[in-house]
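In: Give me a 3D structure for the following:
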Amino acid sequence: MAGGLAASSRRRGRGSRRGRLSEINVTPFVDVMLVLLIVFMVTAPLLTVGVPVELPRTDAKQLESETDPLSITIREDGTIYVQETVVTPDELVAQMRAISREGYDRRVFIRADATADYGMVADVMARLSSSGFQNLGLVTDTRDGPRRADTQREQ
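Out: The predicted structure follows:
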């Protein structure tokens, strides 16, 4: 009986024809990664602007942008947002300088509610322009399409 155990253990050792299967099946991993890639590609454009405002309507066409622009939103009550963070008019320039890593040539979209105070919009634009930001754009909505608060059109 001891000889039988020794013979069977020798067959499973180095000299066996069938080794251990140590390959990793990457097909499920690749499938999951492709699904995640598609999900992120679809949802990323929807997450760019999080502050809802009623944009004014114009006949301007949409401009293509190569990089993600910085977004400043002015609500109806005069609240100013840089991306999705509330700032005061005095903190606006400091916040923009901290965010804009590429320098002052980065595109800045100003999204103002249609009923927002014109003086507030002009003040925000003047502060940004005098601090060195040169590529400013006003975001509007189209006259033809349905009114949506998150549609971005530049005039």
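In: ok, and for stretch 76-85, which residues are buried?
Out: 80-83 (16 or more other CB atoms under 10 Å). Bear in mind the C-beta positions are built from the backbone N, C-alpha and C, glycine included.
In: For that stretch, the averaged confidence score.
Out: Averaging the model's pLDDT scores along stretch 76-85 yields 89.
In: cool, stretch 105-112 as well?
Out: 84.
In: Now the buried residues of stretch 76-85 in a markdown table, please, with extra columns for distance to residue 140 and secondary structure.
Out: Converted to a markdown table, those look like this (distance: CB to CB, whole Å; DSSP: H, G, I helix; E, B strand; the rest coil):
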| residue | distance to residue 140 | secondary structure |
| --- | --- | --- |
| 80 | 18 | strand |
| 81 | 17 | strand |
| 82 | 20 | strand |
| 83 | 19 | coil |
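In: Closest one of those to residue 39?
Out: Comparing the buried residues of stretch 76-85 against residue 39 with CB to CB picks out residue 83 as the nearest, at 22.4 Å.
In: Need the three-state assignment for the closest residue to that closest one other than its chain neighbours.
Out: Distance criterion CB to CB, 6 or more residues apart in numbering; nearest residue to residue 83, sequence neighbours excluded, is residue 71 at 5.8 Å. Taken by DSSP: H, G, I helix; E, B strand; the rest coil, the conformation at residue 71 corresponds to strand.
In: Who is residue 71 paired with across the strands?
Out: For residue 71, the beta-bridge partners are residue 109 (DSSP bridges).
In: and of the buried residues of stretch 76-85, the nearest to residue 23?
Out: Closest approach between the buried residues of stretch 76-85 and residue 23, by CB to CB: residue 83, at 46.0 Å.
In: And that closest one, how far from residue 37?
Out: 25 Å (CB to CB, to the nearest Å).
In: about what we covered before: any idea which of the buried residues of stretch 76-85 is closest to residue 118?
Out: residue 80 (14.5 Å).
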